[in-house]
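# got a predicted structure plus its sequence, pasted below:
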Amino acid sequence: MMKVESGKRDTPKHLLTQEQEAVLDLYLQKLDGFYEDLKASDAVQVEIETQHLKKILSK
């Protein structure tokens with residue numbers, strides 16, 4: 001077992017390999033894209049519901 005002095009730890013400079021970092025970056029980009037698409041579809045749904053309610057109320 002390696003003894004760790006209080007306050008000092010041997011930590012690696014890189015937790016992930018370059019390939020893992022690249023995959024993680026692509027994954028995060030995909031998640032961002034899905035989130036943006038979700039926000040856009042939510043805005044469209046709200047607009048549809050608003051127009052529908054306006055139509056009902058104007059009768």
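Looks like it came in fine. Numbers count the residues shown, from 1 in each chain.

# can you list the low-confidence ranges for the protein?
Flagging of the chain using pLDDT under 70 yields the residue ranges 1-11.

# again, 90 this time
Scanning the chain for pLDDT under 90 picks out the ranges 1-14, 59.

# mind listing the helices in the chain by residue range?
Listed in chain order, the helices of the chain (DSSP state H) span residues 18-57.

# distance check, L38 against E49.
Per Cβ to Cβ, to the nearest Å, L38 is found 16 Å from E49. (C-beta placed from N, C-alpha, C; glycine too.)

# one more: K30?
K30 is 29 Å from E49, where distance means Cβ to Cβ.

# cool, and I56?
Between I56 and E49 the computed distance is 11 Å (Cβ to Cβ).

# what sits in contact with each of the two?
Common neighbours of I56 and E49 are not found (criterion: Cβ atoms under 8 Å, 6 or more residues apart in numbering).

# how deep is K55 tucked in, by neighbour count?
Neighbour count of K55, defined by other Cβ atoms under 10 Å: 9.
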